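Enquirer: Next come a sequence and a model predicted from it.
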Amino acid sequence: MNKIVIIVISLVAVGVLAYSLQGGESEEDYTERILKERENIRNFLRGSGESPFAPDSISFKELNYYEPNLAYRVNARLDRIDDHKLLTLPTSDGKDEKYIRYGYATFNINGQSQKLLVLQPFEQQQPPMLFVAFADATSGEETYGGGRYLNVEMPSRTGQKSLELDFNLAYNPYCAYNPTFSCPLPPRENVLEVPIPVGEKNFGD
């Protein structure tokens, strides 16, 4: 699964870097960037040998997304976890996968305070990124029942107290497309009761 996350990170990181170099962007530019990143992911899944659609028995179908919504790009307060204890997440095929507990991100969605556990992959990645697996009130209905993933840029400064969480970039694990893949499930504290109606929807609907 770590290899899968690295692939998606590399696709999204280009857009994140472009945004940081611009120093900000208009709503129109933001929407254009999100749509471009989605197209990059589609092209990768259509043509790469690393794609879950590579086996002959799995055919590619169009991915489904909500419309981009800037209200779901939030600036969260970061409370770091100093002990860096390992967390073992169960996966969709009954195996386990290890992560480092990095911190908690607290933010507001529609006036309600929410908190997510932010993880650091146990294996070193380039570029270094943080990882959030979450479920919400859309899971099992409009979005994949096993939850979705979000890659988060690693803080560039020691002592940084905030993180940007852009739920428009939430994506499905590979097992949403192909059940032979092993995908970590969200930790219990990352099951939100509120809907997050942005990012990727159910596959094949």
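Expert: Noted; the coordinates are in hand. Residues are numbered from 1 along each chain as shown.

Enquirer: from here on, contacts and neighbour counts on C-alpha atoms
Expert: OK.

Enquirer: does the most centrally placed residue in the chain belong to a helix or a strand, and which?
Expert: Geometric centre of the chain, nearest residue: L150, 1.5 Å, by C-alpha atoms, centre = their mean. Using DSSP states H and E, L150 sits in strand 148-153.

Enquirer: Against which helices or strands is that strand packed?
Expert: With contacts defined as 3 or more C-alpha pairs under 8 Å, 6 or more residues apart in numbering; DSSP states H and E, strand 148-153 has these neighbours: strand 129-134, strand 162-166.

Enquirer: I figured the residue nearest to the centre of the chain hits Y171, correct?
Expert: Yes - using C-alpha atoms under 8 Å, L150 is in contact with Y171, at 6.6 Å.

Enquirer: Provide the contact partners of the strand holding L150 at residue level.
Expert: 9, 128-135, 163-167, 169-173 (C-alpha atoms under 8 Å, 6 or more residues apart in numbering).

Enquirer: Are any of these buried, and if so which?
Expert: 9, 129-135, 163-167, 169-173 (16 or more other C-alpha atoms under 10 Å).

Enquirer: same question for stretch 163-182, mean pLDDT?
Expert: Per-residue pLDDT over stretch 163-182 has a mean of 94.

Enquirer: what's the span of that stretch, first residue to last?
Expert: 28 Å (C-alpha to C-alpha, to the nearest Å).

Enquirer: contact partners of it?
Expert: 1, 4, 34, 52-53, 58, 68-70, 72-78, 91-93, 95, 105, 144, 146-153, 155, 183, 196, 198-203.

Enquirer: hmm, try it at 6 Å
Expert: 52, 68, 72-76, 91-93, 148-150, 198-200 (C-alpha atoms under 6 Å, 6 or more residues apart in numbering).

Enquirer: Just flag the most distant two among the residues you listed.
Expert: N75 and D93 (33.8 Å; C-alpha to C-alpha).

Enquirer: you'd agree S162 is up against R77?
Expert: Yes - assessed by C-alpha atoms under 6 Å, S162 is found in contact with R77 at 4.5 Å.

Enquirer: got the angle between the longest strand that the chain contains and strand 162-166?
Expert: Secondary structure of the chain per DSSP state E: the longest strand is strand 96-109. Strand 96-109 runs at 90 degrees relative to strand 162-166, counting by axes from the mean of the first three to the mean of the last three C-alpha atoms, to 10 degrees.

Enquirer: Please point out which parts of strand 96-109 sit buried.
Expert: Buried residues in strand 96-109 (16+ other C-alpha under 10 Å): E97, K98, Y99, I100, R101, Y102, G103, Y104, A105, T106, F107.
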